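K.L.:
Need a 3D model of the sequence below.
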Amino acid sequence: MKALVKYAKGVGSVEVRDVNKPVLQADDWVLIKVRGACICGTDVHVWQDKFMYWPPVTLGHEFSGEIVEIGSKCRKFKVGDRVVAEPQIKNCGICEFCRSGRTHMCMEKWTFGWRTDGSMGEYAAVPEMFLHRIPEGVSYPLAALCEPVAVAVYDIAEHGKINIGDFVVVQGSGPIGILAAYMAKRLGADTVVQTGIDASEYCRFGIARELGADVIVNVQREKLLDRVMELTGGRGADVVIETSGAPPAISGCPELLKKGGRIIGMGIPADAMTPFMWKDAVLKSLEIYFSMSTSYTAWDKALSLLKSDGDKLGRLITWTGAIDDWEAVFHSLVEEKNVKAVFEFN
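P.N.:
Just a heads-up that it's a prediction; the model follows:
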């Protein structure tokens, strides 16, 4: 089958290859005909050699499709079901995280698209336990957005804390940043400020406004702290959601917040060490929430949002096409000429 493969270590080393069709690895696995495969920032970072991976590996972990084969022990799903899948195929089942329902935290988890073959191919094989059924009326390309929407649900609605009437600053206007603004507004935030840079003007700022941002701040053109203090009368924000991963943005979070404010950390910086205004955070008695991956419950909530707000969330998808055009669309994402791109398979 045709698949997009990271075939060796180093910058680049990605190409469309003919690879073996995946097989069921156990009686409780299913084989999925991939219909939509969404490009995540981590896929781009693997291409750029900025994220962990084990080559040769098929890229991709945000996808939707139709079940075409099931193992003999599958109980809940059948051939023909339209599904999305959590991006993991393995966990130990006995650690404290697995036993408390947090399999996404398992130290032995294998993740789709960099630890094991992912979804940017014609077929994908996964355990039944990680599947979720796509609601009626949700298209395959839209359903492929489920994973990033589930990230926003888990990090902000389930794990973080947004109160009705909050003043929220979202740092970063990538797909996760835009979804964070959407989620904050959906949870009752009164004002959402979204940040970005000059490149974000091309298409990201417009979509951010459509999905929930009330105020856009180009941090290359104006000082974010001054704007936040102006809008809050010198009080500071209730919440900062950090999605950019940019060290200056991470470092400056405490000064944007009121006393007792909250930081929701989502962005992953390139470097292991990032400066942070720890003293200010302590003196202001700030609350900090960190999350990684998604919970089981976040997925069905995300699918519910895709059903009810599909017209709005679908605006994130600014490109659909064939996997053969991968290189051009990867470049367009780096240059912020697109927000989310989906490969479609017949």
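K.L.:
Can you give me the pLDDT of residue 110?
P.N.:
Per-residue pLDDT puts residue 110 at 89.
K.L.:
What number of residues are in the vicinity of the closest residue to it other than its chain neighbours?
P.N.:
Nearest residue to residue 110, sequence neighbours excluded (CB to CB, 6 or more residues apart in numbering): residue 90, at 4.1 Å. Every C-beta, even on glycine, is put in place using the N, C-alpha and C of the backbone. For residue 90, the neighbour count with other CB atoms under 10 Å is 15.
K.L.:
What does residue 90 show for phi and psi?
P.N.:
Residue 90 adopts backbone torsions of phi -150, psi 140, taken as degrees, to the nearest 10.
K.L.:
pretty sure it contacts residue 112?
P.N.:
No. Using CB atoms under 8 Å as the test, residue 90 is too far from residue 112 to be in contact (10.3 Å).
K.L.:
which residues does the residue nearest to residue 110 contact?
P.N.:
With contact taken as CB atoms under 8 Å, 6 or more residues apart in numbering, residue 90 is in contact with 108-110, 116.
K.L.:
distance of residue 211 from residue 331?
P.N.:
When CB to CB, to the nearest Å is the yardstick, residue 211 and residue 331 sit 24 Å from each other.
K.L.:
For these two, indicate the residue with more neighbours.
P.N.:
A direct count of neighbours by other CB under 10 Å for residue 211 and residue 331 places residue 211 higher, at 22 against 13.
K.L.:
Spatially nearest residue to the more buried one, not counting backbone neighbours?
P.N.:
residue 182 (4.2 Å).
K.L.:
Which secondary structure state does that neighbour sit in?
P.N.:
What DSSP: H, G, I helix; E, B strand; the rest coil gives for residue 182 is helix.
K.L.:
May I ask you to confirm that it is in contact with residue 152?
P.N.:
Yes. Counting by CB under 8 Å, residue 182 does reach residue 152; the two are 7.1 Å apart.
K.L.:
The two: which is more packed in?
P.N.:
Counted by other CB under 10 Å, residue 182 and residue 152 do not tie: residue 152 has more neighbours, with 30 against 26.
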